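Asker: this one's structure only:
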């Protein structure tokens with residue numbers, strides 16, 4: 001059984017071993033075939049997921065409003 005921790009040469013014999021792994025860099029490898037999901041129907045959202053997404057949307061809107069308020073407050077302090 002060969003593992004990635006085996007050395008390519010035996011430290012005593014200095015002869016190459018038969019079992020070793022070739023490492024291929026992802027940029028040099030062939031592209032993978034993508035999974036096609038065109039035939040799948042849209043997923044139905046559960047009540048919990050819908051509530052979570054609504055809460056997240058409300059949180060993001062509130063944070064944007066707070067950011068706008070903070071920027072306006074900073075500009076008012078600069079122009080005094």
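Answerer: Arrived safely, thanks for sending. All of these numbers come straight from a predicted model, not from anything done at the bench.
Asker: Can you classify the residue nearest to the spatial centre of the chain as helix, strand or coil?
Answerer: For the chain, the residue sitting closest to the mean C-alpha position, by C-alpha atoms, centre = their mean, is residue 26 at 16.1 Å. Here residue 26 is recorded as coil under DSSP: H, G, I helix; E, B strand; the rest coil.
Asker: what's the spacing between it and residue 46?
Answerer: As defined by C-beta to C-beta, to the nearest Å, residue 26 lies at a distance of 36 Å from residue 46. For glycine as for every other residue, the C-beta is placed from the backbone atoms N, C-alpha and C.
Asker: Then residue 65?
Answerer: Note on residue 65: its distance to residue 46, by C-beta to C-beta, is 29 Å.
Asker: Helix or strand: which one has residue 66?
Answerer: helix 47-78 (DSSP states H and E).
Asker: For that helix, buried residues please.
Answerer: When burial is assessed from 16 or more other C-beta atoms under 10 Å, helix 47-78 yields no buried residues.
Asker: Might you list the low-confidence residue ranges for the chain?
Answerer: 1-18 (pLDDT under 70).
Asker: One more pass at 90, please.
Answerer: By pLDDT under 90, the low-scoring segments of the chain are 1-35, 37-38, 40, 42-43, 80.
Asker: Residue 20 - how many residues pack around it?
Answerer: Neighbourhood size, residue 20 [other C-beta atoms under 10 Å]: 14.
Asker: separation between it and residue 36?
Answerer: The gap separating residue 20 from residue 36 is 36 Å, by C-beta to C-beta.
Asker: before we move on, the earlier item: give the contact list for the residue nearest to the centre of the chain.
Answerer: By C-beta atoms under 8 Å, 6 or more residues apart in numbering, no residues touch residue 26.
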